[in-house]
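Peer 1: need the 3D shape of this:
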Amino acid sequence: MQCHAVTHGSFSIERVYPASPARVFAAWASTEMKARWFIGPEKWVLIERHLDFRVGGEELLRGRYEQTETLFEARYYDIVPDQRIVFAYDMHAGGRHHSLSVAAVEIEPEVGPGGSGARLLFTEQVMFLDGTVGIDGTASRERGTADHLDRLARLF
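Peer 2: Residues are numbered from 1 along each chain as shown. The predicted model follows:
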């Protein structure tokens, strides 16, 4: 088995949603709501989903994209209702351990010209374990996360 060097990356994404912090938080906490926006790319097929949203709880999302099976496994470490979610997660692709990440979702009220809403800040530190080049891999991860957060906006 070939051993690859660990490469590191980090990024932050900010979004403002026309919904209360409680509604944005609920979209992360509810299995039904999360299933509407936390999905793979077009042509991705769901195999299995599980969400135990509590400190110490775990989340699993398994799917298939073309011929590659993907697996997202997370564990929740800190949850402050309507304000913060901190979790760590592993990504596997094609049976390989692709990456390990720590992520924080911070939600706060946002008052603007269009009324009140919620500002979300998503920050991730990632370690690529399979030889993925950090800069390219981080940019790809950031794009994928931005796509998730854009789908989240469609709920509101």
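
Peer 1: run me through the strand neighbours of the lengthiest strand in the chain, direction for each.
Peer 2: For the chain, the longest strand by residue count, based on DSSP state E, is strand 96-112. Counting by DSSP bridges, the strands paired with strand 96-112 are strand 84-93 (antiparallel), strand 115-128 (antiparallel).

Peer 1: restricting to C-alpha, output the helix or strand that contains residue 26 in PDB.
Peer 2: If you go by DSSP states H and E, residue 26 is part of helix 21-29. Only the C-alpha atoms of helix 21-29 are listed here, as PDB (Å, rounded to 0.1, in the frame of the first residue of the first chain):
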ATOM      1  CA  PRO A  21     -31.200  31.600  12.900                       C
ATOM      2  CA  ALA A  22     -33.600  29.000  14.300                       C
ATOM      3  CA  ARG A  23     -34.800  28.000  10.800                       C
ATOM      4  CA  VAL A  24     -31.200  27.800   9.500                       C
ATOM      5  CA  PHE A  25     -30.200  25.800  12.500                       C
ATOM      6  CA  ALA A  26     -33.200  23.400  12.000                       C
ATOM      7  CA  ALA A  27     -32.100  22.800   8.400                       C
ATOM      8  CA  TRP A  28     -28.900  21.200   9.900                       C
ATOM      9  CA  ALA A  29     -30.600  19.400  12.800                       C
END
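
Peer 1: could you point out which element follows that helix?
Peer 2: Following helix 21-29 toward the C-terminus (DSSP H and E): helix 31-37.

Peer 1: how distant is that following helix from the center of its chain?
Peer 2: The chain centroid and the centroid of helix 31-37 are separated by 12 Å under CA atoms, centre = their mean, to the nearest Å.

Peer 1: give me the contact list for that helix.
Peer 2: 26-28, 49, 51, 53, 148, 151-152, 154-155 (CB atoms under 8 Å, 6 or more residues apart in numbering). For the C-beta atoms, the positions are set from N, CA and C on the backbone; glycine is no exception.

Peer 1: biggest separation within those, which pair?
Peer 2: 53 and 154 (20.9 Å; CB to CB).
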